[in-house]
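K.L.:
3D model of this:
(chains A and B)
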Amino acid sequence: DIVLTQSPATLSVTPGESVSLSCRASQGISTSIHWYQQKSNESPRLLIKYASQSISGIPSRFSGSGSGTDFTLSINRVESEDFSVYYCQQSYSLPLTFGSGTKLEIK
Amino acid sequence: EIQLQESGPGLVKPSQSLSLTCSVTGYTITSGYDWSWIRKFPGNKMEWMGYISYSGSTNYNPSLKSRISITRDTSKNQFFLQLNSVTTEDTATYYCARQQLYLRWFAYWGQGTLVTVSS
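P.N.:
Residues are numbered from 1 along each chain as shown, chains lettered A, B, ... in the order given. Predicted structure coming up:
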């Protein structure tokens, strides 16, 4: 199975700061990584597909980059509604796997 | 717009079977896509469990292969999860989701249902 390692586990920031969340794969997966946001008591929401492709309805402050084994989700100027948990997911091979998540919290 | 809704018992005893239903509205499950079950454990770990495709074929996570079955009722536009011989480690929030065919991301999710395994 492909293991996805997300870092940091928790990121404490002030609204208005820009942040980068990391996802590292245990083997090369091209750009087969997708990012989700999950707020408390809600289901996950797809933010970015295939490493950098935008999703309709998602604010433009969310962007993704990377290929191979290292991927980044960037949030430009974090807003209060962005404080939640972020997951990466790989679709390169079955079984599909998720990272352990990064919790973005208010400093 | 497509909506998915999980339903089923919130409490299951150890060694018994866990059975959940995902009811889909706004899209016919035989028209396309794969239809997955995903669970989130306490502590945030997420696990893809498996899917049933629009054609009826299935694919399961090998970690569950001996215990899991995903089926469907096309007349009701529902698909189902059965997980046998559950233990306390199967306590999780269970989600159904629509999986993009071949590309395998999840754009639509149910709201999730918490299943606790306890005697």
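
K.L.:
Across the sheet, point out what pairs with the closest residue to residue A:7 other than its chain neighbours.
P.N.:
Leaving aside its sequence neighbours, residue A:7 sits nearest to residue A:22 (C-beta to C-beta, 6 or more residues apart in numbering or on different chains; 4.8 Å). Where you see a C-beta, it was placed from the backbone N, CA and C, and this is true even at glycine. Per DSSP bridges, the residues bridged to residue A:22 are residue A:7, residue A:72.

K.L.:
And residue A:22, how close does it get to residue A:70?
P.N.:
Using C-beta to C-beta, to the nearest Å, residue A:22 is found at 7 Å from residue A:70.

K.L.:
Compare those two (neighbour count), which wins?
P.N.:
Per other C-beta atoms under 10 Å in any protein chain shown, whichever of residue A:22 and residue A:70 has more neighbours is residue A:22, with 16 against 13.

K.L.:
Got the confidence number for that one?
P.N.:
The per-residue pLDDT reported for residue A:22 equals 98.

K.L.:
Identify the residues contacting it.
P.N.:
Contact partners of residue A:22, counting by C-beta atoms under 8 Å, 6 or more residues apart in numbering or on different chains, are A:6, A:7, A:8, A:70, A:71, A:72, A:102.

K.L.:
residue contacts, the second one?
P.N.:
Taking C-beta under 8 Å, 6+ apart as the criterion, residue A:7 is in contact with A:21, A:22, A:24, A:102.

K.L.:
where do the strands sit along chain B?
P.N.:
B:3-7, B:11-12, B:18-25, B:34-40, B:46-53, B:58-60, B:68-73, B:78-83, B:92-99, B:106-109, B:113-117 (DSSP state E).

K.L.:
Can you name the residues in contact with the first one?
P.N.:
Under the criterion C-beta under 8 Å, 6+ apart, residues B:20-26, B:94-98, B:108-113 lie in contact with strand B:3-7.
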